[in-house]
Each structure stands twice: as C-alpha cells, then as structure tokens.
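K.L.:
have a look at this prediction, sequence included:
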Amino acid sequence: DAKTTQPPSMDCAEGRAANLPCNHSTISGNEYVYWYRQIHSQGPQYIIHGLKNNETNEMASLIITEDRKSSTLILPHATLRDTAVYYCIVRREGNTPLVFGKGTRLSVIA
Amino acid sequence: DAGVTQSPTHLIKTRGQHVTLRCSPISGHKSVSWYQQVLGQGPQFIFQYYEKEERGRGNFPDRFSARQFPNYSSELNVNALLLGDSALYLCASSPTGGYQPQHFGDGTRLSIL
C-alpha cells in the first residue's frame, strides 16, 4: 500500500500557483519524497524529489515540513498543460520500486 | 537524448494468447522496471532488473515473466492472457542506484478480447 495520502482532486486557475499537498506521517529517516505526474495517455513524468530540504527545479518547488510528515508541491504559474494526475511517493534509497497511490487530479481552468 | 522507448504502443490479443512487450532504456541506464496500470488506478510494480538479474518482483502470478539483455533493453512476457490483463504496461529506467529517479516510457496499451 502507498504510504502517502493525497486529496483526490483539485482545481487551479490558469496563471495562479498550484499547491498540491501530501501527507506521509509514517515516513522513515532514509526515505525520500518523489513527485510524478501523468498526463492522459502518457507515462508518468518525474517532477522533483527531496529528503528534508526544500527543493526547486525548472518545473516546480517541493516544500517538506520540518518533521517530514507532509510536503507540498508548488507549480508557480499553472498552465492548461499542467492538467494531470499528480502522484506523491515515499521511496527508500537504493532504486527500490515506486509505490503509487491514486494521486491528485489537478484541473487547471482558464 | 532519447527517453525510454516501448513497443508496440498498442496491442490487441485474445484470452489464452501470449504477449511480449519491449523496452529500451535511456542510454546509460542499467536498471529497468515494469509496471501495470489498470484504468483508474496508479501503476503497480511488476518486476525490476539490473545487470540482467531480477532484483525485485511484485505480487503478480507466474504467467508474468521478464528478462534483461546485455544492452540493458528488456522484455515483459505474459502467458495465458486473461481479460484482467488489459492495462497500460509501463517501463521505467534508472541509473545504478541511490536516490536517482526512475524515468518512464509512454507504455504499451494491451487490450484483451
């Protein structure tokens, strides 16, 4: 079973920031938080990952709380092309398999 | 650089048949994993291969098998197909280990009639 809890769906206005929450209260010290998204009919796309520090790349920012029990993925300026299912995954170091939950369906609205 | 490539993109089979799905990893990636995604669900782990050896197996029956070749490409085989095997089959590749992310192909859509 997935070790994360995400809301099933969210809406975001185009051009606004999309903040996607994820709870992972049972995370262990050697487990990373990964985010993927899946646009309809495509394979999951890697977005970002982190251990305990906040991370930022060209796609998004990842904010992990100090106790590491939850995190937020931030898409700073959402576009219609960001409409997708977003998966938050907790994964142990060492190329272990990804365990997907049902994710959050983000709809970006014009 | 090319991403993970999978073939075929779509496939239709009938119950009882056998199917082989193929995956070419990103250049330089030595690990390949297979996932099954049924409609409305997240992907579910089937197999992981690294350096041609099986490194992990999910909760799937023995009808499912896989192998990895010296060039790190991989095949997933499914025997005695059932209607419930209809799904999107995804391949992901990654470098050797650590915390590096897996990168996915766009999958093979398998339909069983």
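P.N.:
The structure has been received and is ready for your questions. What you see is a predicted model; the values in this text were computed from it and never measured.
K.L.:
tell me the spacing between B:Gln48 and chain A.
P.N.:
Per CB to the nearest CB, to the nearest Å, B:Gln48 is found 6 Å from chain A. Heads up, the C-betas are built off the backbone N, CA and C, glycines and all.
K.L.:
partner residues bridging B:Arg67?
P.N.:
Beta-bridge partners for B:Arg67, by DSSP bridges, are B:Glu75.
K.L.:
over to B:Trp34?
P.N.:
Per DSSP bridges, the residues bridged to B:Trp34 are B:Phe47, B:Cys91.
K.L.:
output the lowest mean pLDDT helix or strand found in chain B.
P.N.:
When the helices and strands of chain B are scored by mean pLDDT, DSSP states H and E, strand B:53-57 comes last with a mean of 92.
K.L.:
check contacts around the most centrally placed residue in chain B.
P.N.:
The residue lying closest to the centre of chain B (CA atoms, centre = their mean) is B:Trp34, at 3.2 Å. Contact analysis of B:Trp34 by CB atoms under 8 Å, 6 or more residues apart in numbering or on different chains lists B:23, B:45-48, B:66, B:74, B:76, B:89-92.
K.L.:
ok, A:Asn23 next?
P.N.:
Shown in contact with A:Asn23 (CB under 8 Å, 6+ apart): A:4-6, A:69-70.
K.L.:
from the chain's centroid, how far away is stretch A:67-78?
P.N.:
What separates the centre of stretch A:67-78 from the centre of its chain is 7 Å, taken as CA atoms, centre = their mean, to the nearest Å.
K.L.:
again, but for stretch B:5-12
P.N.:
For stretch B:5-12, the separation from the chain centroid amounts to 11 Å (computed by CA atoms, centre = their mean).
K.L.:
what comes up buried for it?
P.N.:
B:5-6 (16 or more other CB atoms under 10 Å in any protein chain shown).
K.L.:
what's across from A:Arg37 in the sheet?
P.N.:
A:Gln45, A:Tyr86.
K.L.:
what parts of chain A come near chain B?
P.N.:
Contacts of chain A with chain B, taken as CB under 8 Å from any CB of the partner chain, map to A:2, A:32, A:34, A:36, A:41-46, A:49, A:51, A:87, A:91, A:93-103.
K.L.:
not counting sequence-adjacent ones, nearest residue to residue 5?
P.N.:
In the absence of a named chain, this looks at chain A. A:Asn23 (4.3 Å; CB to CB, 6 or more residues apart in numbering or on different chains).
K.L.:
switch to chain B, that's the one I care about
P.N.:
Nearest one to B:Thr5, counting by CB to CB, 6+ apart, is B:Ser24 at 4.6 Å.
K.L.:
name the SS class of A:His49, please.
P.N.:
strand (DSSP: H, G, I helix; E, B strand; the rest coil).
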